[in-house]
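Novice: Prediction below, plus the sequence it came from.
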Amino acid sequence: MRGRYLPVAAFAGLIVAIQMATHFTGSGYHLTQLTMSAYYSLLAIGLCLLVGYAGQISLGHAGFFAIGGYITALLTTHDLSSRAGGASRWLAKAGILSFRIDLYGGELLTVHPWVACLVAVLATVGIAYAVGGPVLKLKGHYLAMATLGFGVIIYRIVLGTEFLGAADGISEVPPFAILPGLEVSGKAALRVPNYYLAWGLVIAGMVLLLNLIHSREGRALSSIHGAEDAAEAMGIPTARYKLSAFALSAAFAGLAGVLLTHYNGGIGPSEASVMKSVRYVAIVAIGGMANLWGTLLMSLLLNYLSLRGYFGTYDDAVFGAILILIMLFAPGGLLRRDLLEEVRDVFRGNGEKAS
Amino acid sequence: MKLLSVRGVSKRFGGLQALEDVSFDVPQGAIKALIGPNGAGKTTLFNLISGFLRPDQGSVVFGGTEVLGLAPHQIAARGMARTFQQIRLFPRMTVLENILVGRHLHSRGGFLACMLNLPFTRKEERGIRETGSEILDFLGLSGQADAEAVHLPYGQQRMVELGRALACEPRILLLDEPAAGLNIRETAEMGRLISRIRGRNVTVLLVEHDMSLVMDISDDIVVLSYGQKIAEDKAHAIQKDPEVIRVYLGEGDA
Ligand SMILES: Nc1ncnc2c1ncn2[C@@H]1O[C@H](COP(=O)(O)OP(=O)(O)OP(=O)(O)O)[C@@H](O)[C@H]1O
Ligand SMILES: [Mg+2]
């Protein structure tokens, strides 16, 4: 279906147009928040698959983001040069460890970012499987509470663990050289390539997820959302599918955490906070639940506004309020795919029954 | 040859004996009906056979293997499809999409292959959609392919549920009151469809209150009352069974 990729091209056009606009108005500094917004969007679209399509709520996805971010931060900053034996020299040769010079001119031996990224994402997925196995047996608000509990645990762990920097988090995380000449870092000179890299990854993620939802696997997930018993009767192993969707969305979250940590040069416990998890669910909800494009656009907009400080001290409150309002007035999500039809129905005068 | 064999099945819900020592066979290729007054245990029996409930006692052998203790999706994978007395269509999905879900067991692409839209998954998807539109034709619902299934009139929803089960290409199809809530014309249409299903080499086990439909299309009939099997015979013989007449006239229900 060609139609699936048309919006992708349009969105890519939007990303280019935004960059052009900042270029010609001399406001390139906006790209920093837009890049951060991209990484949060990577999490949001993964969560959209889980919550919107598979119908499994998670109030703990900031936890997966933080797991990814903290693992890469720890591995790429923890100096191993003091125990530079034969093994570490061999590991350095193999490219698993790498030498670099820190801010004060000292030589550091740390895990290479590529390896750290791989370990971080795999660990995130592993933890998602371990947590999801038992937790996804729960439904509705029991599942919400259990995932919330998971999020709280991760938050307390990163906040209370000395070698994770406790309340300060981990800083001086090095850039992540993805390719020669292209690194994930917040250096002002690299603002434009980083902006395109981040949104390029989001677009790639969107293509993968769009393919998924238009396939047998995507239909299997949606069928679980609608009528789990009927899905089982069609031969769909619902428990396994829920777990796969949970792990996939955790992989998106973990990768987002890794990349944003390298981009920001650090990570702090606020990234693991419950309010972050609430924010992500609020974005999926206002995006229309089972609507990847709505989620992506809302994520772009709201994260950008939030990061630019438009919501001031009410930042968390805004997202909390969004979630409450949607649950009250549009529990199916705001930008639903069938919204247009319903609006048309209302104008035709037969829209009494909004479900 | 018997395709399904139910042996000494009992099920208790608290103080209620919903099923007691029920046994019967469904031969390959038959249309067998299961009738009985409200609360007789027909739906409970379907839930036991299809793995949604565990019986307290007894055994269910399907296609030569014991299926008791298997999950519903595992039993489905062995070739059993069912519909629900309370229609269970997938909301937020079109009629076509509902039926496409029925092709799950006949396709293989995993998460990764589907995300990458590999050539083999694209080919598979074309096949899934071809079968889907064939089934829509069979049901006479091609015009409604893109309508949201749960917004269709009730009668058509029942057809979609039947089509979704047919898409599984089951060896046996369990239909729980397929004509419930249908008008006379729709009931006749449903009867024709069920008869034609036999032509697709599908064995049918049918629960139905509409007696003329049951008499029209079924070969054999099992009668349940208060969880017990009180009769099993050819359709024409059941009508003359004194016990069956007593139960039905006594309940004032037919
Ligand atoms: N999950 C359950 N828990 C407790 N009791 C149940 C449960 N399911 C069914 N029952 C009871 O078991 C008895 C048999 O119910 P069942 O639904 O199997 O009857 P039925 O023959 O399908 O009736 P109907 O023709 O009304 O559909 C009824 O008395 C019902 O109330
Ligand atoms: Mg029933």
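Specialist: That came through, no problem. Residues are numbered from 1 along each chain as shown, chains lettered A, B, ... in the order given. Ligands and ions are numbered 1, 2, ... in the order given.
Novice: Going by C-alpha atoms from here, please, whenever you check contacts or count neighbours.
Specialist: OK.
Novice: touching chain A at all, the longest helix seen in chain B?
Specialist: Using DSSP state H to define each element, chain B has its longest helix at helix B:119-139. Yes. Interface with chain A: helix B:119-139 contributes B:E125 (Cα under 8 Å from any Cα of the partner chain).
Novice: Where does the prediction get shaky in the chain?
Specialist: Defaulting to chain A. Applying pLDDT under 70 to chain A flags residues A:1-2, A:84, A:337-338, A:340-342, A:344-345, A:349-355.
Novice: if you could check chain B rather than the one you did, that'd help
Specialist: B:249-254.
Novice: who in it is up against ligand 1?
Specialist: B:F13, B:A18, B:P37, B:N38, B:G39, B:A40, B:G41, B:K42, B:T43, B:T44 (Cα under 6 Å from any ligand atom).
Novice: show me where the stretch 151-254 of chain B has helices.
Specialist: Taking DSSP state H, counting those that start in this stretch as the test, the helices found in the stretch 151-254 of chain B are B:154-167, B:184-198, B:211-217, B:235-238, B:242-251.
Novice: what does stretch B:168-180 contact?
Specialist: If you take Cα atoms under 8 Å, 6 or more residues apart in numbering or on different chains as the criterion, stretch B:168-180 is touched by A:234, B:3, B:43, B:46, B:76, B:79-85, B:102-106, B:158, B:162, B:165-166, B:186-187, B:190, B:201-210.
Novice: Could you tell me how far stretch A:280-290 lies from the centre of the chain?
Specialist: 13 Å (Cα atoms, centre = their mean, to the nearest Å).
Novice: what does stretch A:8-20 give?
Specialist: 20 Å.
Novice: what's near enough to touch the residue in the stretch 51-200 of chain A positioned nearest to chain B?
Specialist: Nearest residue of the stretch 51-200 of chain A to chain B: A:Y53, at 9.8 Å (Cα to the nearest Cα). The contact partners of A:Y53, by Cα under 8 Å, 6+ apart, come to A:I213, A:G218, A:L221, A:S222, A:H225, A:M289, A:A290.
Novice: out of the residues you listed, which touch chain B?
Specialist: Answer for those near chain B (Cα under 8 Å from any Cα): A:S222.
Novice: right, and out of the contacts of A:Y53, which lies closest to B:G64?
Specialist: A:L221 (31.6 Å; Cα to Cα).
Novice: Can you list phi and psi of the residue of the stretch 51-200 of chain A found nearest ligand 1 for me?
Specialist: Nearest residue of the stretch 51-200 of chain A to ligand 1 (Cα to the nearest ligand atom) works out as A:K139 at 18.1 Å. Note on A:K139: backbone dihedrals following degrees, to the nearest 10 are phi -130, psi 160.
Novice: Please name the residues that touch it.
Specialist: Per Cα under 8 Å, 6+ apart, neighbours of A:K139: A:Q56.
Novice: circling back: which one (most neighbours) among the residues of chain B next to ligand 1?
Specialist: With neighbours taken as other Cα atoms under 10 Å in any protein chain shown, the top of the residues of chain B next to ligand 1 is B:K42, carrying 26 neighbours.
Novice: Look up how far B:Q228 lies from it.
Specialist: 10 Å (Cα to Cα, to the nearest Å).
Novice: need the strands for chain B, in chain order.
Specialist: Secondary structure of chain B (DSSP state E): strands at B:2-13, B:16-27, B:31-35, B:57-62, B:65-66, B:80-82, B:172-176, B:203-207, B:220-225, B:228-234.
Novice: nearest to A:I57, of the ones you listed?
Specialist: Nearest to A:I57, of all the strands of chain B, is strand B:80-82, at 28.6 Å by Cα to Cα.
Novice: Determine if any part of the closest one is in contact with chain A.
Specialist: Yes. On the criterion Cα under 8 Å from any Cα, strand B:80-82 is in touch with chain A at B:A81, B:R82.
Novice: circling back: does anything pack onto the longest helix of chain B? Which helices or strands?
Specialist: helix B:95-101, helix B:154-167 (3 or more Cα pairs under 8 Å, 6 or more residues apart in numbering or on different chains; DSSP states H and E).
Novice: how about the residues of chain A near chain B?
Specialist: Looking at chain B, the residues of chain A close enough under Cα under 8 Å from any Cα are A:207-212, A:215-217, A:219-220, A:222-223, A:226-227, A:230, A:232-237.
Novice: List buried members of these by neighbour count.
Specialist: A:207-212, A:215-217, A:219-220, A:222-223, A:226, A:230, A:232-237 (16 or more other Cα atoms under 10 Å in any protein chain shown).
Novice: want to try CSV for the helices and strands packed on helix B:119-139, with mean neighbour count and distance to A:A17 as columns?
Specialist: Conversion of the helices and strands packed on helix B:119-139 to CSV gives the following (neighbours: other Cα atoms under 10 Å in any protein chain shown; distance: least, Cα to Cα, whole Å):
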stretch, mean neighbour count, distance to A:A17
helix B:95-101, 28, 36
helix B:154-167, 24, 45
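Novice: These into a markdown table, with extra columns for distance to A:L14?
Specialist: Listed next are the helices and strands packed on helix B:119-139 as a markdown table, based on distance: least, Cα to Cα, whole Å:
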| stretch | distance to A:L14 |
| --- | --- |
| helix B:95-101 | 31 |
| helix B:154-167 | 40 |
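Novice: Next, A:L335: secondary structure please.
Specialist: Following DSSP: H, G, I helix; E, B strand; the rest coil, the label given to A:L335 is coil.
Novice: Just give the nearest non-adjacent residue to it, would you?
Specialist: Among residues not flanking A:L335 along the chain, A:G288 sits closest, at 4.0 Å (Cα to Cα, 6 or more residues apart in numbering or on different chains).
Novice: pretty sure that neighbour belongs to a helix, no?
Specialist: No. A:G288 sits outside any helix when classified using three-state DSSP, being coil.
Novice: Pull the number of nearby residues for it.
Specialist: Neighbours around A:G288, by other Cα under 10 Å: 27.
Novice: List only buried entries from the contacts of stretch B:168-180.
Specialist: Here, 16+ other Cα under 10 Å leaves A:234, B:3, B:43, B:46, B:76, B:79-85, B:102-105, B:158, B:162, B:165-166, B:186-187, B:190, B:202-209 buried among the contacts of stretch B:168-180.
Novice: isn't A:Y195 right next to A:Y29, touching?
Specialist: No. In this structure, A:Y195 is not within contact of A:Y29 by Cα atoms under 8 Å, at 10.8 Å.
Novice: who has more neighbours, these two?
Specialist: Higher neighbour count among A:Y195 and A:Y29: A:Y195, with 22 against 13, using other Cα under 10 Å.
Novice: Name the helix or strand for the residue in chain A that ligand 1 sits nearest to, please.
Specialist: Among the residues of chain A, A:D229 lies closest to ligand 1, at 13.8 Å counting by Cα to the nearest ligand atom. Here A:D229 is covered by helix A:228-233, with elements defined by DSSP states H and E.
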